[in-house]
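quick one, structure for this:
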Amino acid sequence: MHLLEPREHPSQLMKWLSPFIALLAMLCVGSLLFLMLGVNPLQALYIFFIEPLSSAYNLSELLIKASPLILIALGLAVGFRAKLFNIGAEGQLTMGAIFGGGIAILFFEQLGWWILPLMIIMGAIGGAIWGLIPALLKTHFNAEETLTTLMMNYVAFFLLMYLVNGPWRDPDGMNFPQSVMFSESAVLPYVIEETRVNASIFLTMLAVAVFWIFIRKSVSAYRLEVSGQAPMAAQYAGFSSRKAIWFSLGISGLMAGIAGICEVAGPIGQLNPNISPGYGYAAIIVAYLGRLNPIGIVLSGLLMALIYLGGELAQMQLQLPVAITGIFQGLLLFFLLASDALIENRYRFAKKKQLPAETVHPTA
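Coordinates of the predicted model:
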């Protein structure tokens, strides 16, 4: 028998080293996986983690993929600090794209500086609404937010499918499930020539700065953390757990919604079923890998974007399956959680209980 026994004083240094330990373990297991697939591990790791950094264009693609991951992870980190586990960022991203994309479709033949800001505002509102529905279910019906947020991902996806296959389908799109391409007033301007880097990176930089100030200086952030780590102490101090739930899930949804509209108004330029390659789920790993800290989230977001790019290159150059990207993401999360568990707890073997020996009475 074995047990995990909580440590009295977990090492703060090891907590910060945990992401690096998880990354190293992921690389080791990934190398074994490449060997099993008959691929040279050194070549595969080079394609995965070095080649995406080898040109200016690849670096620009890294920024494009990292931007939505960072935006979503910042919002998720607020809820995670309050021990609210929002698994619905993928659906909230989709709803942000629908709300904001609907404005672009509504004013398709019009020009105006106000269209793009209105799209971003509506995208934020759409994501926030999708985050507040689980908050309502939790505060009024005690529904588990992990399940409700996850299930709402599918509702949002099927709503998108209905729209791009029905009322919002491009009449000149040869029956493909997609909307019209957005007009010039409804797309984010490019900021680096000959690349796809657009103005969404400025929104991301602003969000990082705002969340850093919020976490470091705000009383609300302190209340959220206390509500998550010590609910009884928070209740004694007069902190409202309901307000924490509404605020956390609302902010998480809002940030995911902004990421969604930045995707469809940026590199995609229209609504279609392939808005996200799983950014809402990958951002959960980004948030935890970054230790729920804005600066750490930026670094882990870049790493996750690197895995996405490396996975695409590995598919093209090594004919590896598309699932290889998800495998690396899963390995990273697994080893991160395992490292954290062993940092917080001590692994002990429990002694087996021995039954008392029966007294044997001699027979007469």
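
gap between Met54 and Leu313?
Actually, residue 54 is Ser. It isn't Met. 10 Å (C-beta to C-beta, to the nearest Å). For the C-beta atoms, the positions are set from N, CA and C on the backbone; glycine is no exception.

what about the two, which has more around it?
The residue with more neighbours, out of Ser54 and Leu313, is Leu313; 17 against 10, by other C-beta atoms under 10 Å.

what's the closest non-adjacent residue to the spatially most central residue of the chain?
The centre of the chain sits closest to Ala283, judged by C-alpha atoms, centre = their mean, with a distance of 1.4 Å. Distances taken as C-beta to C-beta, 6 or more residues apart in numbering put Ile72 closest to Ala283, at 3.7 Å, once the chain neighbours are dropped.

isn't there a strand covering that neighbour?
No. Per DSSP: H, G, I helix; E, B strand; the rest coil, Ile72 lies outside any strand segment and is helix.

tell me the pLDDT at it?
pLDDT recorded at Ile72 is 98.

then the one 3 residues further on?
Taken from the predicted model, the pLDDT recorded for Gly75 is 96.

and it, which of the three is it?
On the basis of three-state DSSP, Gly75 is classed as helix.

that one contacts Gly88, doesn't it?
No. Applying C-beta atoms under 8 Å, one finds Gly75 not in contact with Gly88, separated by 11.1 Å.

more neighbours, those two?
Per other C-beta under 10 Å, whichever of Gly75 and Gly88 has more neighbours is Gly88, with 34 against 31.

helix, strand, or coil at Phe328?
Phe328 ends up helix, using three-state DSSP.

which element is the residue nearest to it when sequence neighbours are not counted on?
Ranked by C-beta to C-beta, 6+ apart and with sequence neighbours excluded, the top spatial neighbour of Phe328 is Ile307, at 5.2 Å. Element membership of Ile307, judged by DSSP states H and E, is helix 294-318.

may I see the buried residues of that helix?
Neighbour counts over helix 294-318 (16 or more other C-beta atoms under 10 Å) mark 294, 296-315, 318 as buried.

ok, now stretch 185-196?
Buried, per 16+ other C-beta under 10 Å, within stretch 185-196: Ser185, Ala186, Val187, Leu188, Thr195.

same thing with stretch 71-88?
71-82, 84-88.

now swap in stretch 333-340 and tell me
Leu333, Phe335, Leu336, Ser339, Asp340.

the residue lying closest to Ile284 once chain neighbours are set aside and Leu13, how far apart?
Among residues not flanking Ile284 along the chain, Leu76 sits closest, at 6.3 Å (C-beta to C-beta, 6+ apart). Using C-beta to C-beta, Leu76 is found at 25 Å from Leu13.

and for Pro68?
For Pro68, the distance to Leu13 - C-beta to C-beta - is 32 Å.

do the same with Ser60
In terms of C-beta to C-beta, Ser60 sits 35 Å off from Leu13.

ok, Ala283 next?
Taking C-beta to C-beta, one finds Ala283 at 26 Å from Leu13.

burial check on the nearest residue to Leu302 once chain neighbours are set aside, number of neighbours?
The shortest distance from Leu302 to any non-neighbouring residue, by C-beta to C-beta, 6+ apart, is to Ala66 (4.9 Å). Ala66 is flanked by 24 other residues according to other C-beta under 10 Å.

show me the contacts for Ala66.
Val298, Gly301, Leu302, Met304, Ala305 (C-beta atoms under 8 Å, 6 or more residues apart in numbering).

so which residues of the stretch 201-350 of the chain form helices?
219-229, 231-236, 241-263, 279-289, 294-318, 323-344 (DSSP state H, counting those that start in this stretch).

angle of the fourth one against helix 241-263?
Spelled out, that is helix 279-289. 120 degrees (axes from the mean of the first three to the mean of the last three C-alpha atoms, to 10 degrees).

doesn't Arg196 fall inside a strand?
No. Secondary structure of Arg196 (three-state DSSP): coil, not part of a strand.

I figured it hits Leu63, correct?
No. Applying C-beta under 8 Å, one finds Arg196 not in contact with Leu63, separated by 9.1 Å.

helix or strand with the lowest mean pLDDT in the chain?
Least confident element among the helices and strands of the chain, by mean pLDDT, DSSP states H and E: helix 231-236 (a mean of 69).

show residues contacting stretch 296-304.
By C-beta under 8 Å, 6+ apart, stretch 296-304 touches 19, 23, 62, 65-67, 69-70, 73-74, 77, 208, 282-283, 285-287, 289-290, 329.

where's Pro10, which helix or strand?
Counting by DSSP H and E, Pro10 is part of no helix or strand.

what's the burial count for the nearest residue in space to Leu254 that is not next to it in sequence?
Nearest residue to Leu254, sequence neighbours excluded (C-beta to C-beta, 6+ apart): Ala128, at 4.2 Å. Neighbour count of Ala128, defined by other C-beta under 10 Å: 25.

then Val180?
If we define neighbours as other C-beta under 10 Å, then Val180 has 18 of them.

coming back round to it: so who does the residue nearest to the centre of the chain touch?
Pro68, Leu69, Ile72, Ala73, Leu76, Ala89, Ala256, Gly301, Met304.

what does Val322 give?
Gly311, Gln315.

distance check, it against Tyr308.
According to C-beta to C-beta, Val322 stands 11 Å off from Tyr308.
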